[in-house]
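Trainee: Have a look at this prediction, sequence included:
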Amino acid sequence: MTRVHVPPPLFAGGALLLQQLVAVKRPTKASRLVAASVVAGAVWLLGGAALEFRRRATTMNPVDVGADELVTTGPNRFTRNPMYLGMAAVLVANAVRRRSPAALLPVAAFVGVINQLQIPAEEAILRERFPEAYAEYVRVTPRWLLVR
């Protein structure tokens, strides 16, 4: 059976569209301020991780043959999935900005899909490509922030 790969940013974009459908409240100055601080963290996670991959001249896609180094620095020190966490943080920021608890449901769906479909496939490749180093990385670094 062939599996169709959907790029994770498309899942995040779909979640963002769903949020727009369920979030009916208008942003306030306070909700925009809180959301902006969450977005700042998301930018650090996304941008910082991408920068670390670029510095090491390796790919962000572990399926890619060019993935020749396990990156454990920058945001990757705190989470094995800083880019996915950053995408989820952008979605949380949007829910906060719109003052909509219902807009958190697409965030949960995004995290669930990524956690069940994307991350296990990537982890299997990393385990195969970097057996000892990845085992140690998993031992000391949570998949998300506080969840192993």
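Mentor: Cool, got the structure. Numbering: from 1, shown residues only.

Trainee: If we ignore the residues flanking it in sequence, what's nearest residue 133?
Mentor: Here the nearest residue to residue 133 in space, its sequence neighbours aside, is residue 70; by C-beta to C-beta, 6 or more residues apart in numbering that works out to 5.0 Å. For the C-beta atoms, the positions are set from N, CA and C on the backbone; glycine is no exception.

Trainee: I'd say the one you found and residue 130 touch.
Mentor: Yes. With contacts counted by C-beta atoms under 8 Å, residue 70 reaches residue 130, the gap being 4.5 Å.

Trainee: what's downstream of the worst-scoring helix or strand of the chain on mean pLDDT, the next helix or strand?
Mentor: Within the chain, confidence by mean pLDDT, DSSP states H and E is lowest for helix 119-129 among all helices and strands, at a mean of 90. Scanning forward in sequence from helix 119-129 by DSSP states H and E, the next helix or strand is helix 131-140.

Trainee: quick one, helices of the protein?
Mentor: 8-22, 29-55, 82-97, 104-113, 119-129, 131-140 (DSSP state H).

Trainee: I'd like those helices written out as TSV, with distance to residue 76 and mean neighbour count added.
Mentor: Shown next, in TSV, are these (distance: least, C-beta to C-beta, whole Å; neighbours: other C-beta atoms under 10 Å):
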stretch	distance to residue 76	mean neighbour count
helix 8-22	16	16
helix 29-55	6	16
helix 82-97	6	23
helix 104-113	18	18
helix 119-129	12	15
helix 131-140	8	12
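
Trainee: Now do the residue positioned nearest the centre of the chain against residue 28, distance only.
Mentor: Centroid-nearest residue in the chain: residue 84, 0.7 Å away (criterion: C-alpha atoms, centre = their mean). Separation of residue 84 from residue 28 (C-beta to C-beta, to the nearest Å): 29 Å.

Trainee: Thanks a lot, see you next time.
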